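J.: Quick one, what's the 3D model for this:
(chains A and B)
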Amino acid sequence: DAGVIQSPRHEVTEMGQEVTLRCKPISGHNSLFWYRQTMMRGLELLIYFNNNVPIDDSGMPEDRFSAKMPNASFSTLKIQPSEPRDSAVYFCASSPGTGNNEKLFFGSGTQLSVL
Amino acid sequence: AQSVTQLDSQVPVFEEAPVELRCNYSSSVSVYLFWYVQYPNQGLQLLLKYLSGSTLVKGINGFEAEFNKSQTSFHLRKPSVHISDTAEYFCAVIRMDSSYKLIFGSGTRLLVRP
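T.: As a prediction, this is how the structure comes out:
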């Protein structure tokens, strides 16, 4: 298994531009998470999907952030418009499913820099 | 609300020396406890977890951790570290009444020197 695949690995963009981060979870995993990692705030859960349905999006910073999971093998996190304070590493993680989320499998992350 | 505290932001240690990375938590309900490791430019990997049973849990790469309920601690230990153990280590909890929300500590950078 290739693990959780995220793209791109690095993204540099200018303030105001739209940014789309992509994630392919491990096949057969029913739960998907987006986390953001910064020096100041550490690892923060942005949104959690179960069976492609958003269950908890309370961590999404504001309306500029949106996430979708159109099918079991793909999810996107979109920032529109982007701001310099959005610069961070964004991780996608998946796990086998509800009641069994004690082991998360993380992707390698997307390093986002907004200039 | 629950929280996880890792008091040490960085722990320097010489190769083959023992190490302990500290983790304390607070929660109004029972929790499951985890340690994750993050190597440079990689995502997090599960090192070990405590769900129930024996309070001493063993993980990968020779690490172990002990759950101490009275002290609300879950310190990570290794008797002899290697250069390759240099990484960021994160303690995390999940509330037993919430099966998905991992709350992470701020991380401890373990720096192993030759």
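J.: hmm, stretch B:16-28 in reach of chain A?
T.: No: Stretch B:16-28 is not in contact with chain A by C-beta under 8 Å from any C-beta of the partner chain; minimum separation 13.4 Å. Quick note: C-beta positions are derived from backbone N, CA and C, even for glycine.
J.: For the residue of chain A found nearest chain B, give the beta-bridge partners.
T.: For chain A, the residue closest to chain B is A:F106, as judged by C-beta to the nearest C-beta, at 3.0 Å. Taking DSSP bridges as the rule, A:F106 bridges to A:A93.
J.: And A:V12, by the same measure?
T.: Here A:V12 sits in beta bridges with A:S113, going by DSSP bridges.
J.: which parts of stretch A:12-29 are buried?
T.: Of all the residues in stretch A:12-29, those buried under the rule 16 or more other C-beta atoms under 10 Å in any protein chain shown are A:T13, A:V19, A:L21, A:R22, A:C23, A:K24, A:P25, A:I26, A:H29.
J.: distance between that stretch and the chain's centre?
T.: Here stretch A:12-29 shows a centroid-to-chain-centroid distance of 7 Å under the convention C-alpha atoms, centre = their mean, to the nearest Å.
J.: show me where the chain has strands.
T.: Unless you meant another one, I'm taking chain A. All strands of chain A, identified by DSSP state E, fall at A:5-7, A:10-13, A:19-24, A:31-38, A:42-50, A:53-56, A:65-71, A:74-79, A:88-95, A:105-106, A:110-114.
J.: that's the other chain; I wanted chain B
T.: Going by DSSP E, chain B shows strands at B:3-5, B:10-14, B:19-21, B:24-26, B:31-38, B:44-50, B:56-58, B:64-68, B:73-78, B:87-95, B:103-104, B:108-113.
J.: Good, wrapping up.
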